[in-house]
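[1] My questions are about this predicted structure, shown below with the sequence.
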Amino acid sequence: MTSPLPAPLPDTLPALADNETLIARFTGSRTTYIKEHIMLAAIGAVGATAALMAMGNPHAWTGAVGAVLAIAVRGFYVATEQIRMTWQLTDKRLITPTGMSVKRGDIRKVNVIFSAAQVVTTTGDKFMIKYQPDPAATAATIEGR
């Protein structure tokens with residue numbers, strides 16, 4: 001059984017302005033991260049095996065093994081970094097994990113892609129808030145619905 005990740009430390013999050021109110025924080029979910037990587041491994045296994053079969057490889061099963069191992073290794077090495085990314089939504093802006101700000105008025109729409117909420121700005125910039133347990137709720141909160 002895994003223990004939940006600790007909340008981000010206050011000194012690691014960008015400071016809010018004096019006249020700013022925090023509405024929500026979005027942090028990735030470990031369970032969602034694992035489920036998405038299992039899905040990617042399954043899709044990769046089928047794709048790699050099909051490609052090897054199409055090429056006439058007599059050991060097409062190695063495609064499945066390779067795809068599953070590749071996704072597992074990648075998932076293991078970047079899990080903590082990806083899950084701990086914390087986004088802050090205030091009444092004035094959306095603050096990325098790196099401290100970059102997007103004004104609320106500059107957010108054109110929020111799309112849901114698998115377990116992510118994709119924020120699209122009026123200038124066409126796109127930001128992915130990944131591994132959300134309920135990406136539709138994340139999108140609705142950002143859009144103010």
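    Good, I have the coordinates. Numbers count the residues shown, from 1 in each chain.
[2] Find the nearest non-adjacent residue to Glu20, please.
    Closest residue in space to Glu20, ignoring its immediate chain neighbours: Thr90 at 4.7 Å, by C-beta to C-beta, 6 or more residues apart in numbering. C-beta: built from backbone N, CA, C; applies to glycine.
[3] Count the neighbours of the one you found for me.
    Neighbour count for Thr90, taken as other C-beta atoms under 10 Å: 17.
[4] okay, it: pLDDT?
    Per-residue confidence at Thr90 stands at 96 (pLDDT).
[5] Repeat that for Leu16.
    Predicted confidence (pLDDT) for Leu16: 83.
[6] Any figure for the gap between it and Ile23?
    11 Å (C-beta to C-beta, to the nearest Å).
[7] Need the residues touching each of these two.
    Residues touching both Leu16 and Ile23 (C-beta atoms under 8 Å, 6 or more residues apart in numbering) are Thr90.
[8] Regarding the chain, what is its longest helix?
    helix 30-54 (DSSP state H).
[9] Now do the next helix or strand after that helix: which elements does it pack against?
    Later in the chain than helix 30-54, the nearest helix or strand by DSSP states H and E is helix 61-83. Applying 3 or more C-beta pairs under 8 Å, 6 or more residues apart in numbering; DSSP states H and E, we find helix 61-83 packed against helix 30-54.
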